[in-house]
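J.: build me a structure from this.
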Amino acid sequence: MTKVWAKIIIDHKVKQSAVVAIDPTDFYHGLVAMATALKIPTPIVTQSQIDNFLAFNILKLKPRDFLEKVPFDCLELNALVEK
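T.: Got it, this is the predicted structure:
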């Protein structure tokens, strides 16, 4: 399990955030849990976006990555890596 810090960003400021545990082998269900915690629609994510997130520990989703209209500029997911 990887802990992910999900941040809703409006005008370059974090307006809402949540930390959710996501299983890298079942990324979709982690996204559903994250969206539920933030009370937003679930984004549409491609396999290449998931692979890049697992490689670089960051994923930025724009409003175009959602089917519904969302009231924010960016949803940023950061993996919390323990040292």
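J.: only C-alpha atoms from now on, for both contacts and neighbour counts.
T.: Fine.
J.: now the strands: where do they sit in this structure?
T.: 2-10, 13-22, 58-61, 74-80 (DSSP state E).
J.: can I get those in TSV including mean neighbour count, mean pLDDT and distance to Gly30?
T.: Listed next are the strands of the chain as TSV, based on neighbours: other CA atoms under 10 Å; pLDDT from 0 to 100; distance: least, CA to CA, whole Å:
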stretch	mean neighbour count	mean pLDDT	distance to Gly30
strand 2-10	19	95	9
strand 13-22	15	94	5
strand 58-61	17	96	14
strand 74-80	19	95	11
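J.: can you redo the ones you listed as TSV with distance to Thr46?
T.: Output for the strands of the chain, formatted as TSV (distance: least, CA to CA, whole Å):
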stretch	distance to Thr46
strand 2-10	18
strand 13-22	16
strand 58-61	11
strand 74-80	15
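J.: and Asn52, how many neighbours?
T.: 12 (other CA atoms under 10 Å).
J.: run through the residues that contact it.
T.: Going by CA atoms under 8 Å, 6 or more residues apart in numbering, Asn52 touches 58-59.
J.: in stretch 23-32, what counts as buried?
T.: 28, 30-32 (16 or more other CA atoms under 10 Å).
J.: please narrow those residues to those residing in helices.
T.: Helix and strand membership here follows DSSP state H; of these, those in helices are 28, 30-32.
J.: quick check, nearest of those residues to Ile22?
T.: Gly30 (4.6 Å; CA to CA).
J.: contacts only, for the closest one.
T.: Counting by CA under 8 Å, 6+ apart, Gly30 has contacts 20-23.
J.: ok, of those, which one's closest to Phe72?
T.: Val20 (19.5 Å).
J.: pairing partners for the closest one in the sheet, please.
T.: Val4 (DSSP bridges).
J.: that one against Met1, yeah?
T.: No: using CA atoms under 8 Å as the test, Val20 is too far from Met1 to be in contact (9.7 Å).
J.: anything in contact with each of those two?
T.: With CA under 8 Å, 6+ apart as the test, Val20 and Met1 reach no residue in common.
J.: and Leu80, how close does it get to Asn52?
T.: Going from Leu80 to Asn52 by CA to CA, to the nearest Å gives 15 Å.
J.: report the contact partners of the closest residue to Ala35 other than its chain neighbours.
T.: Among residues not flanking Ala35 along the chain, Thr42 sits closest, at 5.4 Å (CA to CA, 6 or more residues apart in numbering). With contact set as CA under 8 Å, 6+ apart, Thr42 has these partners: 31-32, 35, 66.
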